[in-house]
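*Asks:* pasted the sequence and its predicted model underneath.
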Amino acid sequence: MLRKTFRRLLAIDDPPERTALAFSVGIFIAFSPFLGLHTIMATAVAFLFRFNKIAIYTGTFINNPFFTLVPIIIASYAVGAFILGRPLSIPDEGLQLLENPRIFSGDYYRLLFIQSWNIVWPFSVGAMALSVVCSLLAYPLTLRMLRAYRSRKNQPPINTDGTDQDQHL
């Protein structure tokens, strides 16, 4: 499935620079902390900037719930914790709230909300950092791949005797 999607990306008829840009914007969206809104964001950006939808969705769907969502969330949290100088573990106060839920107490939810920022803030910072870095890396790599594919596709076939096929016409 992934191979088929990338073949569709290679076959897009837009200029390679525009396709690579749409793909890298999709990568930015895929790593963003706005879980659950990625497809909506990709659609809005595609329409707003008239990007090829296949290119932007290919980048966006790098983050999918079946294979990559959990590793991306973990990497985002770890990068954010590193940037913020925080430990990778959940604070003891937060773990106690999860281990001893008091679901009928308003104070419990207030404390849970306060403690959730110990996870949400590093995740958000890390996700934005990964969004920027991965999309900046995706653009030149995708552009190189598209240009190489198109130059190979546009070369005349070579006969087994080493001459161009066009010379025989």
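*Replies:* Cool, got the structure.
*Asks:* and residue 65, what does it touch?
*Replies:* Residues near residue 65 by Cβ atoms under 8 Å, 6 or more residues apart in numbering: none. C-beta coordinates here come from the backbone N, C-alpha and C atoms, glycine included.
*Asks:* assumed it was part of a helix.
*Replies:* No - per DSSP: H, G, I helix; E, B strand; the rest coil, residue 65 lies outside any helix segment and is coil.
*Asks:* now do it against residue 53, distance only.
*Replies:* 20 Å (Cβ to Cβ, to the nearest Å).
*Asks:* residue 131 contacts residue 32, doesn't it?
*Replies:* Yes - counting by Cβ atoms under 8 Å, residue 131 touches residue 32, with 5.0 Å between them.
*Asks:* which strands or helices does the longest helix seen in the chain pack on?
*Replies:* In the chain, assigned by DSSP state H, the helix with the most residues is helix 106-154. Judged by 3 or more Cβ pairs under 8 Å, 6 or more residues apart in numbering; DSSP states H and E, helix 106-154 is in contact with helix 2-10, helix 16-31, helix 69-84, helix 92-99.
*Asks:* which one of those is the most hemmed in?
*Replies:* Among the helices and strands packed on helix 106-154, ranked by average contacts under mean count of other Cβ atoms under 10 Å, first place goes to helix 16-31 (a mean of 24).
*Asks:* so it versus helix 69-84, what angle?
*Replies:* Helix 16-31 and helix 69-84 meet at an angle of 80 degrees, taking axes from the mean of the first three to the mean of the last three Cα atoms, to 10 degrees as the criterion.
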